[in-house]
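Participant: No sequence on hand, only this structure:
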Ligand code: AMP
């Protein structure tokens, strides 16, 4: 029996001072390269919610896509990308949120979710919660219901969960 939490911790690599001094980047590429860990993560997210309960999985650019796509397949749900401004080709809806320095804007295609859709948001890391909160707002503005947020890793010292009080936040590992 695999201890998934232990495996995830072992396969996420800390990279100091990336992409800028003072940041410890959580690199999930060793986890993705381990088929047991990757499959375990996908299964754990699907099992938490239960197959057939979700209509669409929203993946957040870019590492979120990698996890969200197999999750969508196993749920029997559609996949919807949320991307940085300017990357989606058709008509979009956008949300801007605060970063430590400056702001970020993310977009969803205007027709990607519909009223009545039950939507799960998936990303690799929950840090301050700004990105996930903005993604949830984009989905809700389309009239859909956000069932929750699933992440591999929650950086609890950044208190993202506090910023997302109206969301069911499911993290496989918390540090
Ligand atoms: P936040 O909006 O602060 O919750 O940041 C979440 C987004 O930034 C996610 O899409 C993560 O992939 C990325 N991110 C934030 N902090 C880190 C980190 N320390 N290591 C890797 N990715 C991070």
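Facilitator: Structure's in. What do you need? Being a predicted model, the structure only gives us computed values, none of them experimental. Numbers count the residues shown, from 1 in each chain.

Participant: what's the residue nearest to residue 128 when sequence neighbours are not counted sitting at in phi/psi?
Facilitator: In space, and not counting its chain neighbours, residue 128 is closest to residue 158: 5.0 Å by Cβ to Cβ, 6 or more residues apart in numbering. All C-beta spots, glycine's among them, are computed from the backbone N, C-alpha and C. Per-residue torsions, residue 158: phi -90, psi 0 (degrees, to the nearest 10).

Participant: Next up, the contacts around residue 158.
Facilitator: 127-129 (Cβ atoms under 8 Å, 6 or more residues apart in numbering).

Participant: So which of the residues you listed reach the ligand?
Facilitator: 127-129 (Cβ under 6 Å from any ligand atom).

Participant: who wins for most neighbours among those residues?
Facilitator: In terms of neighbours by other Cβ atoms under 10 Å, those top out with residue 129 at 23 neighbours.

Participant: which SS class is the residue nearest the centre of the chain?
Facilitator: Central residue of the chain (Cα atoms, centre = their mean): residue 123, 1.7 Å from the mean position. Following DSSP: H, G, I helix; E, B strand; the rest coil, residue 123 is assigned to strand.

Participant: so where do the strands sit in the protein?
Facilitator: Here the chain has its strands, by DSSP state E, at 13-16, 24-27, 56-60, 78-84, 92-98, 103-109, 118-126, 145-154, 169-174.
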